[in-house]
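Enquirer: Sequence and predicted model, in that order:
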Amino acid sequence: MPGPTRSRVCKTTKDSEALFAPTKRLCIPIERAEYDRILTDPVAFRAHLDGQIAAHPELFPAAIQHGYHLHSLLPASRKLPGLRLRRIQLTAPEAEGAVYSVAPSFVLPSMTG
């Protein structure tokens, strides 16, 4: 005797916000030598980042237009020796102090290459 039949409920649409968390990593176009030169100089890093925000606003969250401050330096990568990432914190009230890692374009998301 067959058991009770169950109906299966399948959704044909997916809520993409539930599937993907927004990234907290910003990738800026820069050469390795230039990145190494400005990484530990806050004035030079801010000047370069401000130029990138003006030239490529689509690479950054909209709240960055209200300002940011340099947050910290991450420890050196184990996969790429000598590479460190700088972090920034947004100052806009709607950003709620979100902290983003600023990565150079020559590094892949998995911190290789």
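Expert: Yes, it's here.
Enquirer: Once you drop chain neighbours, what's closest to the residue nearest in space to the middle of the chain?
Expert: Centroid-nearest residue in the chain: Arg25, 1.0 Å away (criterion: CA atoms, centre = their mean). Among residues not flanking Arg25 along the chain, Ser101 sits closest, at 4.9 Å (CB to CB, 6 or more residues apart in numbering). Every C-beta, even on glycine, is put in place using the N, C-alpha and C of the backbone.
Enquirer: Could I get the buried residue list for the helix or strand harbouring the one you found?
Expert: In this structure, Ser101 sits in strand 99-104 according to DSSP states H and E. Going by neighbour count (16 or more other CB atoms under 10 Å), the buried part of strand 99-104 is Tyr100, Ser101, Val102, Ala103, Pro104.
Enquirer: just stretch 91-98 next, same as before
Expert: Here stretch 91-98 shows Ala92, Ala95, Ala98 as buried, counting by 16+ other CB under 10 Å.
Enquirer: Stretch 102-113 too?
Expert: Val102, Ala103, Pro104, Val107.
Enquirer: so the second one sits right up against Ile28, yeah?
Expert: Yes - in this structure Ala103 lies within contact range of Ile28 using CB atoms under 8 Å: 7.4 Å.
Enquirer: Given the strand holding Ser101, what are its sheet partners and their directions?
Expert: Strand pairing for strand 99-104, determined by DSSP bridges: strand 25-28 (parallel), strand 86-90 (antiparallel).
Enquirer: mind saving the C-alpha coords of it as PDB?
Expert: Extracted in PDB, the C-alpha atoms of strand 99-104 (Å, rounded to 0.1, in the frame of the first residue of the first chain):
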ATOM      1  CA  VAL A  99      34.200  49.100   7.000                       C
ATOM      2  CA  TYR A 100      35.600  48.200   3.500                       C
ATOM      3  CA  SER A 101      38.900  46.600   2.500                       C
ATOM      4  CA  VAL A 102      40.600  48.400  -0.400                       C
ATOM      5  CA  ALA A 103      42.400  45.900  -2.600                       C
ATOM      6  CA  PRO A 104      44.600  46.700  -5.600                       C
END
